[in-house]
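*Asks:* I would like the atomic coordinates for the input below:
(chains A and B)
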Amino acid sequence: MPSAPHHDLKLDTTLDEAARQDFVATLRGFVLNDIAADLGGVYERDVKPRAIRETGKEPATPSEVHKALRPNLTFKMYSSMRVNTQEMVWDSVRDAVKREAPVWRPRLKEAADKGPGTLTLNPDLKIPRSVSAIDVHLLPGNYDSEHGPDDASQGVWFDHGSAVFYMGLLGKDQGDIGRSVSTFIRTKYPDFKPKKILDLGCTIGQNTLPWAQTYPDAEVHAIDVGAPVLRYAHARANTLGIGVNWHQMDASSLDFEDNSFDIVWSSMFWHEVPLKDIRKALKEAYRVLKPGGLMLHMELPPNETLKAYDGFYLDWDSWYNMEPFYKSFRDQDPKALCVDAGFPADSFEQYLVPSINWFGEDATKHAVEEQGAFDENAGRFANGISWYAFGAWKPE
Amino acid sequence: MSEELELPRHTRGKRPHFFEDPAVDQLMSVVLAMSAEISVLYDRVDAMQRLMDKKGSLSSEELETYQPDEAAAAERQAQREALLQRVFRVIRREAGVFSTQEAEAYTAEVEAELAPPG
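*Replies:* Numbering: from 1, shown residues only, chains lettered A, B, ... in the order given. Modelled structure (predicted):
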């Protein structure tokens, strides 16, 4: 069952809306467990042997697996059901966001006004077409559409839809990624005391706030190009009593000064960004980092660490979930991206961080003792959820 | 700030399709949406039954604000999962025994056996 957002901005739902959300969450489980298992089984048993008979070799890349599967009926049914399920996730909360607007609008304004955070919008910012021209992961209106003055609807919609989508896997505040990785870094580098932290592409700040909680003495800044999600992030953080400085800014052209942050962080961000902008933004991250500072990004694992079928399974979102840059990002070597941005090759880091929501904090300590625990099994979720993170230190 | 909020219902960009006839893709969407509505009705009837069992009467307000306790939530969840297995039974068939090479070969034999004369 979905876990509703856990803060004062949670929407009331009707009996039928709650039932619809419960159904969609259950349908997601059915498609991602039962039908996905069927697809894997059909691939191994029928599709792969047929491809070998016809081409003389086993599909070796995610694209070759995709090509072999395209005509297969189970692939078509799985794909059709996944697209529909994704659309139904957002649709299941849409009516509540609309109907409850007279309730959440004043609450949001009150929360925004009371602090402790700040919000700086830039109405002149040119929104990249990778956001303004499409609806990423099929949310109608994406991160940036405004349906009135000072509108935060897309943020409200994103938060409540994400709660249905993640089925409680990321914890009540949906902050498991930020919490797991920040706790891992604090445990692994006890002498590293960041004073200023920046989050890139923060959307509604679920994975920004855990950094402020892990390092309560640090000044935390977060940027996104979408004004509606930032307005919501700001109000949401205030209701939780967490002060963050939210800015409408493009990661590929930061307004911050050189050498000003100890940590530049992002989560689930790069796979929604065109490769040319990723390269610019990583150079910007290098520029704004202080010497001795850490750049760190949680992302989906690169294709080169995965078997061809598993790479295909993740690439599916690039083809069919309106995340067109997902595959081109995951085809990159993260170390090469960091070196291209100016980081020395020997400063590169990558970690496989156990989910605290799934395994608890003891697993974090254990992973730190195992020197980051990154091996050829990275990104394989068979034994529970772990988060892949990569980055680099800026030289002193 | 009191004006009605209008939200989009459809996504920008090309909607993917997987079947030769796009009507099949649209029908899949309709079937899935209908399944959701059946599940919503199940939950509503379930809530009515539970309230009636407990109180012997029912008011609209009690029904609309009904919150299942943990045991009821688990039973309703099992009901939803079973509904999906029934509605989408045929979709899982290809992954069953009939698509193995052995079964395919035997199917060919059966078809030969039943082939009309001439």
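
*Asks:* who touches the strand ranked longest in chain A?
*Replies:* What stands out as the longest strand in chain A, according to DSSP state E, is strand A:289-299. Strand A:289-299 has contacts (CB atoms under 8 Å, 6 or more residues apart in numbering or on different chains) with A:177, A:181, A:185, A:192, A:194, A:196, A:207, A:259-271, A:282, A:285-286, A:329-330, A:334, A:338, A:343, A:349, A:353, A:387-396. Placement of C-beta: from N, CA and C, glycine included.

*Asks:* out of those residues, which end up buried?
*Replies:* Neighbour counting over the contacts of strand A:289-299 (16 or more other CB atoms under 10 Å in any protein chain shown) leaves A:177, A:181, A:185, A:194, A:196, A:207, A:260-271, A:282, A:285-286, A:329-330, A:334, A:338, A:343, A:349, A:353, A:387-394 as the buried ones.

*Asks:* can you tell me which of those residues are in strands?
*Replies:* Among these, the residues falling in strands (DSSP E) are A:196, A:261-267, A:349, A:353, A:387-393.

*Asks:* distance check, the residue nearest to the spatial centre of chain A against chain B.
*Replies:* By CA atoms, centre = their mean, the mean C-alpha position of chain A lies nearest to A:Met268, the distance being 2.7 Å. Separation of A:Met268 from chain B (CB to the nearest CB, to the nearest Å): 19 Å.

*Asks:* dihedrals phi and psi, that residue?
*Replies:* phi 50, psi 40 (degrees, to the nearest 10).

*Asks:* quick one, what contacts it?
*Replies:* Contacts of A:Met268 (CB under 8 Å, 6+ apart): A:Ile177, A:Asn207, A:Met298, A:Glu299, A:Leu300.

*Asks:* report the spatially nearest residue to the residue positioned nearest the centre of chain B, omitting neighbours in sequence.
*Replies:* Closest residue to the average C-alpha location of chain B: B:Ser35 at 3.8 Å, with CA atoms, centre = their mean. Spatial nearest neighbour of B:Ser35, chain neighbours left out: B:Val87 (5.2 Å); criterion: CB to CB, 6 or more residues apart in numbering or on different chains.

*Asks:* low-scoring stretches of the stretch 251-396 of chain A, by residue?
*Replies:* The model of the stretch 251-396 of chain A has pLDDT under 70 over residues A:371-384.

*Asks:* can you get me a residue count around the closest residue to chain B within the stretch 201-350 of chain A?
*Replies:* Of all residues in the stretch 201-350 of chain A, A:Tyr320 sits closest to chain B, at 4.6 Å by CB to the nearest CB. Close neighbours of A:Tyr320, defined as other CB atoms under 10 Å in any protein chain shown, add up to 18.

*Asks:* against A:Arg50, how distant is B:Glu109?
*Replies:* Look at B:Glu109 and A:Arg50: by CB to CB, to the nearest Å, they are 21 Å apart.

*Asks:* what does the stretch 101-250 of chain A put close to chain B?
*Replies:* With CB under 8 Å from any CB of the partner chain as the criterion, the stretch 101-250 of chain A comes near chain B at residues A:101-102, A:105-106, A:109, A:133-135, A:138-142, A:145, A:147-148, A:153, A:157.

*Asks:* what about the strands in chain A?
*Replies:* So, for chain A - with DSSP E - the strands run A:118-120, A:196-200, A:219-224, A:245-248, A:261-267, A:289-299, A:348-354, A:386-393.

*Asks:* out of those, nearest to A:Arg94?
*Replies:* strand A:219-224 (21.7 Å; CB to CB).

*Asks:* who are the packing partners of the closest one?
*Replies:* Where contact means 3 or more CB pairs under 8 Å, 6 or more residues apart in numbering or on different chains; DSSP states H and E, strand A:219-224 is packed against strand A:196-200, helix A:227-239, strand A:245-248.

*Asks:* redo that, cut-off 10 Å
*Replies:* strand A:118-120, strand A:196-200, helix A:209-214, helix A:227-239, strand A:245-248, strand A:261-267 (3 or more CB pairs under 10 Å, 6 or more residues apart in numbering or on different chains; DSSP states H and E).

*Asks:* now do the fourth one against strand A:219-224, angle only.
*Replies:* With axes from the mean of the first three to the mean of the last three CA atoms, to 10 degrees applied, the angle from helix A:227-239 to strand A:219-224 works out at 150 degrees.

*Asks:* let me see the mean pLDDT of helix A:227-239.
*Replies:* For helix A:227-239, mean pLDDT rounds to 97.

*Asks:* can you dump the C-alpha coordinates of it into PDB?
*Replies:* Output in PDB follows, covering the C-alpha atoms of helix A:227-239 (Å, rounded to 0.1, in the frame of the first residue of the first chain):
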ATOM      1  CA  ALA A 227       9.700  27.000 -10.000                       C
ATOM      2  CA  PRO A 228       6.600  24.900  -8.900                       C
ATOM      3  CA  VAL A 229       8.700  22.100  -7.400                       C
ATOM      4  CA  LEU A 230      11.000  24.600  -5.600                       C
ATOM      5  CA  ARG A 231       8.000  26.500  -4.100                       C
ATOM      6  CA  TYR A 232       6.700  23.200  -2.800                       C
ATOM      7  CA  ALA A 233      10.200  22.000  -1.600                       C
ATOM      8  CA  HIS A 234      10.500  25.300   0.300                       C
ATOM      9  CA  ALA A 235       7.100  25.000   2.000                       C
ATOM     10  CA  ARG A 236       7.600  21.300   2.700                       C
ATOM     11  CA  ALA A 237      11.000  21.700   4.300                       C
ATOM     12  CA  ASN A 238       9.600  24.600   6.400                       C
ATOM     13  CA  THR A 239       6.800  22.400   7.700                       C
END
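
*Asks:* which other helices and strands does that helix contact?
*Replies:* Counting by 3+ CB pairs under 10 Å, 6+ apart, helix A:227-239 packs on helix A:101-114, strand A:118-120, helix A:153-166, helix A:209-214, strand A:219-224, strand A:245-248.

*Asks:* distance between it and the chain's centre?
*Replies:* Counting by CA atoms, centre = their mean, to the nearest Å, helix A:227-239 is centred 17 Å from the centre of its parent chain.

*Asks:* stretch A:275-284 too?
*Replies:* Between the centre of stretch A:275-284 and the centre of its chain there are 17 Å (CA atoms, centre = their mean).

*Asks:* got a pLDDT number for the nearest residue to A:Asn238 once chain neighbours are set aside?
*Replies:* In space, A:Asn238 comes closest to A:Ala111 once its chain neighbours are excluded; the distance is 4.6 Å by CB to CB, 6+ apart. For A:Ala111, the pLDDT comes out at 95.

*Asks:* any weak-confidence spans in the stretch 1-150 of chain A?
*Replies:* A:1-7.

*Asks:* in chain B, where's the longest helix?
*Replies:* What stands out as the longest helix in chain B, according to DSSP state H, is helix B:22-55.
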